[in-house]
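1. Sequence plus predicted model, see below.
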Amino acid sequence: MTDIAELVDRYWQLAYAEGRGNRQHDNEAGDAQQCRHEIDRRLKHLLDVGGGAIGLLERAIFAEARADASEKRCEELEAALRDQFCPRPCNGRPDQFGVGDCVDAGECGCSAALALSTKERR
């Protein structure tokens, strides 16, 4: 029985042959499509084995990856917000006073401080 790694290698060889032959389509026998179908079938079988335990593991891994990506995106958005000009500078601050500087000084009178305090709420 051919394992998934061998099928992936075969699929790569077929794709390489397409590129080398300056083609953007499968061969007439449809070998790449058949190989891809077999890879999908084998992966589905793995996910269904053991009452879907592997499927649960896959979902957990996916959820963790999404949480990590969300955390990274929040950090990027917080950094971008800190770099913006404060919409309502107070205490004689210049119009170009940064949101991050305003929040750090404890002078925030808008909702920026709430957005930047998400780490404490996580």
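-> Sure thing, it's come through. Everything numeric in this text was worked out from a predicted model, so none of it was measured. Residues are numbered from 1 along each chain as shown.

2. Pretty sure residue 24 sits in a helix.
-> No - with DSSP: H, G, I helix; E, B strand; the rest coil as the criterion, residue 24 is located in coil rather than a helix.

3. who's in contact with it?
-> The contact partners of residue 24, taken as Cβ atoms under 8 Å, 6 or more residues apart in numbering, are residue 18. Where you see a C-beta, it was placed from the backbone N, CA and C, and this is true even at glycine.

4. pLDDT at residue 6, what is it?
-> The model reports residue 6 with a pLDDT of 90.

5. count of residues packed around it?
-> 11 (other Cβ atoms under 10 Å).

6. same question for stretch 79-99, mean pLDDT?
-> 84.

7. where's the nearest residue to residue 4 once chain neighbours are set aside, which helix or strand?
-> Closest residue in space to residue 4, ignoring its immediate chain neighbours: residue 42 at 5.2 Å, by Cβ to Cβ, 6 or more residues apart in numbering. According to DSSP states H and E, residue 42 maps onto helix 31-82.

8. ok, and what's touching the next helix or strand along the chain from that helix?
-> Using DSSP H and E, the next helix or strand after helix 31-82 towards the C-terminus is helix 99-104. Helix 99-104 has contacts (Cβ under 8 Å, 6+ apart) with 81-87, 89, 93, 108, 112-113, 116.

9. which among those residues end up buried?
-> 82, 86, 89, 108, 112, 116 (16 or more other Cβ atoms under 10 Å).

10. Quick one: low-confidence residue ranges for the chain.
-> 1-2, 47-55, 117-122 (pLDDT under 70).
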